[in-house]
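Peer 1: structure of the sequence below:
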Amino acid sequence: MYFYLSKFLAPFLNPTNFIIIGIIFFLIIYLKNRSSYSKFFLFFFISFFLLIGFFPVGNFGLNILEKNYIKKNEKFEYDNIIVLAGSESISKTKFSNTLNLNNASERLISSVELALKNGNSKIIFLGGSGLLSNEGINEADVAKMFYKNVAFNIDRVTFIETTRNTVENLKEFKKLKINKKNDLLITSAFHMSRSLIIAKKLNLDLKPYAVDFRHDHPSESILNSYQSFSFADNLKKMNIFFREIIGIIVVKIIL
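Peer 2: Okay, here's the model as predicted:
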């Protein structure tokens, strides 16, 4: 139920989608009857849209989620390198018949880097497909292409490809009959807090190894800040932050 509910509600948990739908809805009502309440809500949605677009509200939120996982040259001891799926572009890989990754590709890249540093470690890739409809290819299939393309020993990788989200991923990892004393968890920095909350609820002791940082540190130069300004990027970061906060709240309540 959790999986299907989260997927069906996903478009409405995207602030940009919600705001645009609100603007259109109340604009239609306002044009029909010119009511004061429709005018108020139309003004509210437009103002909020401009606020999160012109100002880095989402970037500030992502910084809150990510700041505790910035690496400080600490040394890690690890036997298992757990990689959460999410960097694989299923549809593009299927269409082009070539490996396609997204902005979270550091998850896979870092797993190889860490495995090469410790020749006795194992990689455990968790993730099948979070899509509601079967594409005939899943995240594990794309990950296998990646490891083969970089000539990494595929025998050192265990693929769990029947899972659809982070909760299912870590539940299946817990079932594995392996030594779980020194386990690194690789995922995007903004997603790490939720992942560790889930791990703790499942009584898993995982060390965070965050990658794919999304927040931008403010530039000391006004010119550089002006040059990098992007209305669309501000909206995108707000979408990521909002979705992650909702995810954290939900797992704290239902898991």
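
Peer 1: L27 contacts K39, correct?
Peer 2: No: using C-beta atoms under 8 Å, L27 and K39 do not qualify as a contacting pair, with a distance of 9.9 Å. For the C-beta atoms, the positions are set from N, CA and C on the backbone; glycine is no exception.

Peer 1: now the strands for the stretch 1-150 of the chain?
Peer 2: Per DSSP state E, counting those that start in this stretch, the stretch 1-150 of the chain has strands spanning 80-84, 122-126. These are given in chain order.

Peer 1: just put the ones you listed in a markdown table and tack on distance to F45.
Peer 2: Below are those laid out as a markdown table (distance: least, C-beta to C-beta, whole Å):
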| stretch | distance to F45 |
| --- | --- |
| strand 80-84 | 34 |
| strand 122-126 | 38 |
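
Peer 1: tell me which of those strands is the most buried.
Peer 2: Mean neighbour count (mean count of other C-beta atoms under 10 Å) peaks for strand 80-84 among these, with a mean of 25.

Peer 1: any idea of the angle that one forms with strand 122-126?
Peer 2: In terms of direction (axes from the mean of the first three to the mean of the last three C-alpha atoms, to 10 degrees), strand 80-84 departs from strand 122-126 by 20 degrees.

Peer 1: which strands and helices sit next to strand 80-84?
Peer 2: For strand 80-84, the elements it packs on are helix 106-117, strand 122-126, helix 166-175, strand 183-188, judged by 3 or more C-beta pairs under 8 Å, 6 or more residues apart in numbering; DSSP states H and E.

Peer 1: partners of it, with directions?
Peer 2: When pairs are called by DSSP bridges, strand 80-84 turns out to pair with strand 122-126 (parallel), strand 183-188 (parallel).

Peer 1: quick one: it to helix 106-117, angle?
Peer 2: Using the same axes, to 10 degrees: strand 80-84 against helix 106-117 is 170 degrees.

Peer 1: so how far is strand 80-84 off the chain centroid?
Peer 2: On the basis of C-alpha atoms, centre = their mean, to the nearest Å, strand 80-84 is displaced by 15 Å from the centre of the chain it belongs to.
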